[in-house]
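Enquirer: Generate a structure from the sequence data that follows.
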Amino acid sequence: MAKFAQKDAAPQSFYSCYGYSCTQRALVELSSAQWAGVLKGFKNINSAEQERIAITKAIAKIEALVVQQTGLTPDLAEAKTVKQNAHQMDCIDETVNTDLYLGFLQDAGAFKFHERAHPLHRGFFIDGMWPHNTAAVREIDSGAVYAIDSYYRDNGVKADAVPKNVWLDKWRPSSTPN
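Expert: As a prediction, the model looks like this:
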C-alpha cells in the first residue's frame, strides 16, 4: 500500500482512488465546514467501542462527501461492476482511501482510544482464499487491532469494525445492512 501514499495530503486537498487498484484518482478538497461535520461525530466519546462506531460513521461521511464533490458514481458494495463502471472500487482502492481518512482523523486529534494501524491483508489463492485488504486501527490500551472494512458496504454506509483475528478468519458481513 505504500506505493499509493500521498505526501502532504490533508482533508483540504487529497486524491481519492478508484477504478480498481488505484488506477484513477480524483482530487478532493473538503471545506472547513465539511471537515468539521466529520469531526463532530467524535464528541462525547467515552469508550473504545463508541469510538470505533464513530470511526465507521466518519468513513461513510467522507465517502459521501467525495462522491458529492467529484461527481463519481457512488461505489457499490464489493467490486462486482468493473465492466460496467470504472468509478467502482476494489479492496485496494477502499483500503488506500480509508487508511488516508484514518490518518486525517488521527492528525486532527479525533481519536482518544485508537491509533491508525498498518492495513491488513488476507488470502493468497493457494490457501483457498481470495486476496482482500482493509485499513485498520489499534486500540491503545489493549493493543487489539480492528479491521475498518468499507469494501462490503455501499458508499456512504458505515464501514465495519471487526477484530483482526475474526477478519483474518474469512470474515464477511451478514446480508443485513450495517
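Enquirer: Which helix runs longest in the protein?
Expert: If you go by DSSP state H, the chain has its longest helix at helix 48-70.
Enquirer: Show me what the one helix or strand Val96 maps to is packed against.
Expert: Using DSSP states H and E, Val96 maps to helix 91-107. Contacts defined by 3 or more CB pairs under 8 Å, 6 or more residues apart in numbering; DSSP states H and E place helix 91-107 against strand 14-18, helix 48-70, strand 114-122, strand 132-139, strand 145-149. No exception for glycine: its C-beta is placed from N, CA and C like everyone else's.
Enquirer: so what's Gln106 up against?
Expert: 115-116 (CB atoms under 8 Å, 6 or more residues apart in numbering).
Enquirer: returning to that earlier point: buried residues, the helix holding Val96. List them.
Expert: 91-105 (16 or more other CB atoms under 10 Å).
Enquirer: could I get the helices and strands packed on helix 91-107 as CSV with distance to Ala36?
Expert: As requested, these are exported to CSV (distance: least, CB to CB, whole Å):
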stretch, distance to Ala36
strand 14-18, 17
helix 48-70, 11
strand 114-122, 20
strand 132-139, 22
strand 145-149, 21
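Enquirer: Can I get those in CSV including mean pLDDT and mean neighbour count?
Expert: As requested, the helices and strands packed on helix 91-107 are exported to CSV (pLDDT from 0 to 100; neighbours: other CB atoms under 10 Å):
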stretch, mean pLDDT, mean neighbour count
strand 14-18, 93, 23
helix 48-70, 96, 20
strand 114-122, 96, 18
strand 132-139, 96, 23
strand 145-149, 98, 26
